[in-house]
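[1] mind looking at a prediction? Sequence and model below.
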Amino acid sequence: MFLIIALYAMGGTTLAGVFMVAALTAGYTTQEPIIWSALAGFIVALPLVWLVNRRLRG
């Protein structure tokens, strides 16, 4: 369980940051698109972290 939490802490923030930078680069500079892109990054990170954890555990 600790591995999933640690991976999500790193993966979720990384993907949220990537999505936020993508939104800012696309010209969305208001508050709402930035919040939605960060939320999307955290949501997309869930299945990715699950897959990485599964691969690491064998």
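    On my side now, so go ahead. Numbers count the residues shown, from 1 in each chain.

[2] now residue 22: how far from residue 38?
    Going from residue 22 to residue 38 by C-beta to C-beta, to the nearest Å gives 11 Å. Every residue, glycine included, has its C-beta placed from N, CA and C.

[3] more neighbours: which of the two?
    Remark: of residue 22 and residue 38, residue 38 carries more neighbours, 18 against 13, as counted by other C-beta atoms under 10 Å.

[4] how about that one, what does it touch?
    The contact partners of residue 38, by C-beta atoms under 8 Å, 6 or more residues apart in numbering, come to 16-17, 19-20.

[5] buried among the residues you listed? Make that a PyMOL selection.
    Typed into PyMOL, the line below selects the buried ones among those, using 16 or more other C-beta atoms under 10 Å:
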select buried, resi 16+19+20
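
[6] now intersect the contacts of residue 38 with the strands, please.
    Residues of those located in strands (DSSP state E): none.

[7] now the contacts of residue 38 as TSV including pLDDT and distance to residue 58?
    Below are the contacts of residue 38 laid out as TSV (pLDDT from 0 to 100; distance: C-beta to C-beta, whole Å):
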residue	pLDDT	distance to residue 58
16	97	29
17	97	30
19	97	30
20	97	34
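
[8] for residue 49, state which of the contacts of residue 38 is nearest.
    residue 16 (12.8 Å; C-beta to C-beta).

[9] ok, the residue nearest to that closest one when sequence neighbours are not counted - how many residues close by?
    Counting by C-beta to C-beta, 6 or more residues apart in numbering, residue 41 is the residue found nearest to residue 16 once chain neighbours are left out, at 3.4 Å. Using other C-beta under 10 Å, residue 41 is surrounded by 21 other residues.

[10] pretty sure residue 41 sits against residue 21.
    No. Judged on C-beta atoms under 8 Å, residue 41 makes no contact with residue 21 at a distance of 10.0 Å.

[11] hang on, the earlier thing: how about the residue nearest to residue 16, what does it touch?
    12, 14-20.

[12] same question, residue 37
    Residue 37 sits in contact with 16, 19-20, 22-23, 28, where contact means C-beta under 8 Å, 6+ apart.

[13] and the longest helix anywhere in the chain, average pLDDT?
    Longest helix in the chain by number of residues (criterion: DSSP state H): helix 31-57. In this model, helix 31-57 has a mean pLDDT of 96.
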